[in-house]
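In: Okay, here's the prediction I keep looking at, along with the sequence it came from:
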Amino acid sequence: MKTFTSPEELHAWSMEQKRQGRTVGLVPTMGCLHEGHLSLIREAKKHCDAVVVSIFVNPTQFAPNEDYAAYPRKEETDCALCDTEGASAVFLPKPETHFRGVCTIVAKLFNIVAPDVAVFGQKDFQQEAVIRRMVRDLNFPIRVIRAPIVRDPDGLAKSSRNAYLSPEMRTSALSLSRALFAAKQAVEAGERSSAVLEDAVRKEVTASGWVPDYATVVDAQTLEPLAEVRPGSSAFLLACRKAGLRLIDNVLL
Ligand code: PAF
């Protein structure tokens, strides 16, 4: 596996792959890789010959009171994991490569790597929708693939931030996925009212001490809030806070 810090060298390598008739996939990450990320690498490998994993903790994705400095960084372990999963290259851009915002960093990565496919996790539902829209609006010749959320056996969505959960917090955090699965079941049983579903989800997480930032049924493509669920093209998006931590989760309805 190759390791690149220079955008120019990575670009040259990627172009060489293509000259040899190989397709290139991109998995952008902020490192501290867990099973969720590894599932993205495996997904990318299904669709292309060479997979590039980028690892960059993007400062502009953290609010002033968020955990940028404390955000876990594990470059060596991350590179070893990428190697084991069969990635062809890892890209570790230097901090002076001024990346700003999600769309900017991803657009820059698209220009540097020129991938044929790029894989994003469903966990960050809005991010994937925004990137898909950027790809369409800016005519990037890239296929965006959404890989399903990877969960612990008890339902908790994998997240690098789960490392901050005390055993007690972790137990209460299960209320998020429990509430979302119940909403999905209700829709399968015929419920269509977003207000009814949103109310039930809020109650479930609040009972476990989590304060919802949002708990909303949206159109899965436009992210517009929906008054009525449209099965097959809706999603329930949830973000909750407790004791200085913020967790997100979602389900397709
Ligand atoms: O999903 C993430 O980890 C980040 O938002 C991404 C796509 C790597 C951009 O910094």
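Out: In hand now; what should we look at?

In: Can you list the helices and strands that the helix or strand where residue 107 lies packs against?
Out: When secondary structure is defined by DSSP states H and E, residue 107 falls within helix 102-113. Based on contacts counted as 3 or more CB pairs under 8 Å, 6 or more residues apart in numbering; DSSP states H and E, the elements that helix 102-113 packs against are helix 7-19, strand 24-29, strand 50-55, strand 89-91, helix 125-137. (Glycine included, C-beta is placed from N, CA and C.)

In: can you do 6 Å?
Out: Applying 3 or more CB pairs under 6 Å, 6 or more residues apart in numbering; DSSP states H and E, we find helix 102-113 packed against helix 7-19, strand 24-29, helix 125-137.

In: So which bits of the next helix or strand after the shortest one are buried?
Out: In the C-terminal direction, the helix or strand that comes right after strand 24-29 (DSSP H and E) is helix 35-47. Buried residues in helix 35-47, counting neighbours by 16 or more other CB atoms under 10 Å, are found at 36, 37, 38, 39, 40, 41, 43, 44, 45, 47.

In: and what of stretch 84-92?
Out: 85, 87, 88, 89, 90, 91, 92.

In: End to end on it, go ahead and measure it.
Out: 17 Å (CA to CA, to the nearest Å).

In: Contacts for it next, please.
Out: Contacts of stretch 84-92 from elsewhere in the structure, counted by CB atoms under 6 Å, 6 or more residues apart in numbering, are 1-5, 10, 38, 41, 50-55, 79, 82.

In: change it to 8 Å
Out: Where contact means CB atoms under 8 Å, 6 or more residues apart in numbering, the residues beyond stretch 84-92 that reach it are 1-5, 7, 10, 13, 17, 27, 38, 41-42, 45, 50-56, 75, 78-79, 82, 109, 112-113.

In: same deal with stretch 3-15?
Out: In this structure, residues lying in contact with stretch 3-15 by CB under 8 Å, 6+ apart are 2, 24, 50, 52, 79, 89-94, 97, 108, 112-115.

In: which of these are buried?
Out: When burial is judged by neighbour count using 16+ other CB under 10 Å, the buried members of the contacts of stretch 3-15 are 24, 50, 52, 79, 89-93, 108, 112-115.

In: Tabulate those residues in TSV, adding columns for distance to residue 140 and pLDDT.
Out: Rendered in TSV, the data for these read as follows (distance: CB to CB, whole Å; pLDDT from 0 to 100):
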residue	distance to residue 140	pLDDT
24	13	98
50	18	98
52	15	98
79	27	98
89	20	98
90	22	98
91	17	98
92	23	96
93	19	91
108	12	94
112	12	97
113	11	98
114	9	98
115	9	98
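
In: Give me the contacts around the strand or helix carrying residue 202.
Out: Using DSSP H and E, residue 202 falls within helix 194-207. By CB under 8 Å, 6+ apart, the surrounding residues in contact with helix 194-207 are 175-176, 178-180, 182-183, 186-187, 191, 212, 215-217, 225-229, 236, 238, 240.

In: dump the residue contacts of residue 239.
Out: By CB under 8 Å, 6+ apart, the contact set of residue 239 is 212, 213, 214, 246, 247, 248.

In: I'd like the mean pLDDT over stretch 128-139, please.
Out: On average, the pLDDT along stretch 128-139 is 96.

In: Show me which positions of it end up buried.
Out: Buried residues in stretch 128-139 (16+ other CB under 10 Å): 128, 129, 130, 131, 132, 134, 135.

In: Just checking that stretch against the ligand, any contact.
Out: No: in terms of CB under 6 Å from any ligand atom, no part of stretch 128-139 sits within range of the ligand; the closest distance is 7.5 Å.

In: roughly how far is that stretch from the heart of the chain?
Out: Using CA atoms, centre = their mean, to the nearest Å, the distance from the centre of stretch 128-139 to the centre of the chain it belongs to is 15 Å.

In: Kindly export that stretch (C-alpha atoms) in CSV.
Out: Written as CSV, here are the backbone C-alpha positions of stretch 128-139 (Å, rounded to 0.1, in the frame of the first residue of the first chain):
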residue,chain,number,x,y,z
GLU,A,128,-24.0,12.3,1.5
ALA,A,129,-27.0,14.2,0.1
VAL,A,130,-25.1,17.4,-0.1
ILE,A,131,-22.1,15.8,-1.8
ARG,A,132,-24.4,13.9,-4.3
ARG,A,133,-25.9,17.3,-5.1
MET,A,134,-22.5,18.9,-5.5
VAL,A,135,-21.4,16.1,-7.9
ARG,A,136,-24.5,16.8,-10.0
ASP,A,137,-24.2,20.6,-9.9
LEU,A,138,-20.5,20.7,-10.7
ASN,A,139,-20.6,17.8,-13.2
